[in-house]
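Enquirer: Sequence first, predicted coordinates after that:
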Amino acid sequence: MTAHQLFQPFRLKSLQLKNRIVMAPMTRSFSPGGVPTPAVADYYVRHAKGEVGLIISEGTVVNRPAASNDPDVPQFFGEKPLLGWRGVIDKVLAVGGVMAPQLWHMGVVSPKGSGWLPPVPFEGPSGLVAPGKIGGVAMTQDDIAATIVAFAQAAVAAKALGFQAVEIHGAHGYLIDQFFWHPTNQRTDVYGGQSLAERSRFAVELIRAVRHAVGPDFPISLRISQMKLQDFTAKLATTPQEMEQWLVPLADAGVDIFHCSQRRFWEGEFADSDLNFAGWAKKLTGKTTITVGSVGLTGDFLAAFNGESSTPHSLDELLRRFDRGDFDLVAVGRPLLADAEWARKIREGRSGELIGFTKEALATLS
Ligand SMILES: Cc1cc2nc3c(=O)[nH]c(=O)nc-3n(C[C@H](O)[C@H](O)[C@H](O)COP(=O)(O)O)c2cc1C
């Protein structure tokens, strides 16, 4: 197996990558009190040394009192957490790595098993954690405005610390996606509506604010998904036209990269075409796209949350789509959790040394 095409450099605005392999954002919950430790820095350094082109951090929460349900998820605000992140990026830059934080607000979520709760109720567009299920409060327009400011401030902090891009987490049924999704967005003001385009207003305003804050040359990635943790089969856009009405305003607001999260990258998004989500996003917006979802593995990540293992799988189908120009970058999650050397092994064609994924990889930062 050779995958030489994934090892071509990539340039976008101020971002320069040595290859097309992206480390997918993966929550690790190893940052006590929201502060990334030196062990977190060393974890990302191992991936930079392992030749990942762009590291996207685990989701790291913005400055809202109920942005998180886990005290060990890192924060991206406040003196100590930002000092922790400085420790991360300084070390990653020192070994030639390129990194973007994934900025996150969880929205209305269920409490963790530990029972830990933030000081105020979870907040979201309508207080709904899932269709018909209240789990928090509906945000006021002031809450929405303050949340947009919190994302913009975090992006400014990322740029000031030396990160080379930011990613906004708009996927998987968390806050931004709760606005996109009609079952969790029942608002009757300007942030709600029958159409996906209307429900995208919060995200459009947020991206516009982040763009304004970081300037024109700093790349902004937006992670999006059709599926939700609340409903794996959900579809926000059921036709290419709906997808266009969703994504083009976001691109116009300032998104440079659409990071299109799927469980399995080979699944076509709409009938009568094998184009996947990243393929459609690129076709409809002309923007850079990242594909993701079971690259190099037999099983998908939601199965992994239930403890299922996956074994290494051929990259041939991925390369066929890459060669066709469907997407620019390829994000890899679990293979990199299991093995920080994954990208180097792929470049060197050492497929016999790939090790697959087992749930033990989740237990430590190694
Ligand atoms: C342990 C774990 C934590 C994750 N945390 C995040 C996260 O914080 N933000 C996010 O957007 N996706 C998260 N994901 C999803 C991954 O970024 C990725 O999309 C998914 O694992 C599919 O890629 P894979 O099949 O290569 O693992 C997580 C996945 C795993 C396995």
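Expert: Okay, I see it. Residues are numbered from 1 along each chain as shown.
Enquirer: what pLDDT does the residue in the stretch 201-350 of the chain positioned nearest to the ligand get?
Expert: Of all residues in the stretch 201-350 of the chain, G333 sits closest to the ligand, at 2.7 Å by CB to the nearest ligand atom. Where C-beta positions appear, they are placed from N, C-alpha and C, glycine not excepted. The per-residue pLDDT reported for G333 equals 97.
Enquirer: ok, now which ones touch the residue nearest to it when sequence neighbours are not counted?
Expert: Leaving aside its sequence neighbours, G333 sits nearest to A24 (CB to CB, 6 or more residues apart in numbering; 3.8 Å). Residues near A24 by CB atoms under 8 Å, 6 or more residues apart in numbering: 56, 292, 331-333, 336.
Enquirer: Could you list the residues of the stretch 101-250 of the chain in contact with the ligand?
Expert: The stretch 101-250 of the chain comes close to the ligand at residues 102, 169, 171-172, 223, as judged by CB under 6 Å from any ligand atom.
Enquirer: just the stretch 251-366 of the chain next, same as before
Expert: 261, 292-295, 297, 300-301, 304, 332-334, 362.
Enquirer: who wins for most neighbours among those?
Expert: Of all those, V292 has the most neighbours under the rule other CB atoms under 10 Å, reaching 29 neighbours.
Enquirer: Distance check, P25 against the ligand.
Expert: Note on P25: its distance to the ligand, by CB to the nearest ligand atom, to the nearest Å, is 4 Å.
Enquirer: Now for that residue: which residues touch it?
Expert: Contacts of P25 (CB under 8 Å, 6+ apart): 56-59, 102, 167, 169, 223.
Enquirer: related to what we said a few turns ago, from the residues of the stretch 251-366 of the chain next to the ligand, which is closest to V120?
Expert: Nearest to V120 out of these is S261 (CB to CB; 28.6 Å).
Enquirer: that older thread, roughly how far does the residue of the stretch 201-350 of the chain closest to the ligand sit from S309?
Expert: 14 Å (CB to CB, to the nearest Å).
Enquirer: so the residue of the stretch 201-350 of the chain closest to the ligand makes contact with F301?
Expert: Yes: between G333 and F301 a contact is recorded at 6.0 Å, counting by CB atoms under 8 Å.
Enquirer: Quick one: residues contacting the closest residue in space to F10 that isn't next to it in sequence.
Expert: Of all residues not flanking F10 in the chain, L17 sits nearest, at 4.4 Å (CB to CB, 6+ apart). Applying CB under 8 Å, 6+ apart to L17 gives the contacts 9-11, 53-54, 98, 329.
Enquirer: just to revisit the earlier point, going by distance to W85, which of the residues of the stretch 251-366 of the chain next to the ligand wins?
Expert: Closest to W85, out of all of those and judged by CB to CB, is G333, at 20.9 Å.
Enquirer: how about the helices in the stretch 151-300 of the chain?
Expert: 175-180, 196-199, 201-214, 240-253, 277-285 (DSSP state H, counting those that start in this stretch).
Enquirer: export those helices to a markdown table and tack on mean pLDDT and mean neighbour count?
Expert: Listed next are the helices of the stretch 151-300 of the chain as a markdown table, based on pLDDT from 0 to 100; neighbours: other CB atoms under 10 Å:
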| stretch | mean pLDDT | mean neighbour count |
| --- | --- | --- |
| helix 175-180 | 98 | 27 |
| helix 196-199 | 98 | 18 |
| helix 201-214 | 98 | 21 |
| helix 240-253 | 98 | 18 |
| helix 277-285 | 98 | 24 |
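Enquirer: Would you format those helices as TSV with distance to R64 included?
Expert: Formatted as TSV, these follow (distance: least, CB to CB, whole Å):
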stretch	distance to R64
helix 175-180	9
helix 196-199	20
helix 201-214	12
helix 240-253	21
helix 277-285	28
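Enquirer: can you give me the strands for the protein?
Expert: For the chain, the strands defined by DSSP state E cover 10-12, 15-17, 21-23, 54-61, 99-104, 123-124, 128-130, 133-134, 137-138, 166-169, 220-225, 257-261, 288-292, 329-332.
Enquirer: Now tabulate those strands in JSON lines and tack on distance to E198.
Expert: Listed next are the strands of the chain as JSON lines, based on distance: least, CB to CB, whole Å:
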{"stretch": "strand 10-12", "distance to E198": "30"}
{"stretch": "strand 15-17", "distance to E198": "32"}
{"stretch": "strand 21-23", "distance to E198": "31"}
{"stretch": "strand 54-61", "distance to E198": "26"}
{"stretch": "strand 99-104", "distance to E198": "24"}
{"stretch": "strand 123-124", "distance to E198": "17"}
{"stretch": "strand 128-130", "distance to E198": "17"}
{"stretch": "strand 133-134", "distance to E198": "22"}
{"stretch": "strand 137-138", "distance to E198": "17"}
{"stretch": "strand 166-169", "distance to E198": "19"}
{"stretch": "strand 220-225", "distance to E198": "17"}
{"stretch": "strand 257-261", "distance to E198": "20"}
{"stretch": "strand 288-292", "distance to E198": "24"}
{"stretch": "strand 329-332", "distance to E198": "29"}
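Enquirer: how about those strands, which one is nearest G84?
Expert: Between the strands of the chain, strand 54-61 lies closest to G84; by CB to CB that is 9.9 Å.
Enquirer: returning to that earlier point: which of the contacts of L17 are buried?
Expert: Among the contacts of L17, those buried by neighbour count (16 or more other CB atoms under 10 Å) are 10, 53-54, 98, 329.
Enquirer: Not counting its own residues, what contacts the least confident helix or strand in the chain by mean pLDDT?
Expert: Lowest on mean pLDDT, DSSP states H and E among the helices and strands of the chain sits helix 301-305, with a mean of 86. Contacting residues not belonging to helix 301-305 are listed as 232, 263, 293-294, 310, 333-334, 357, 359 [CB under 8 Å, 6+ apart].
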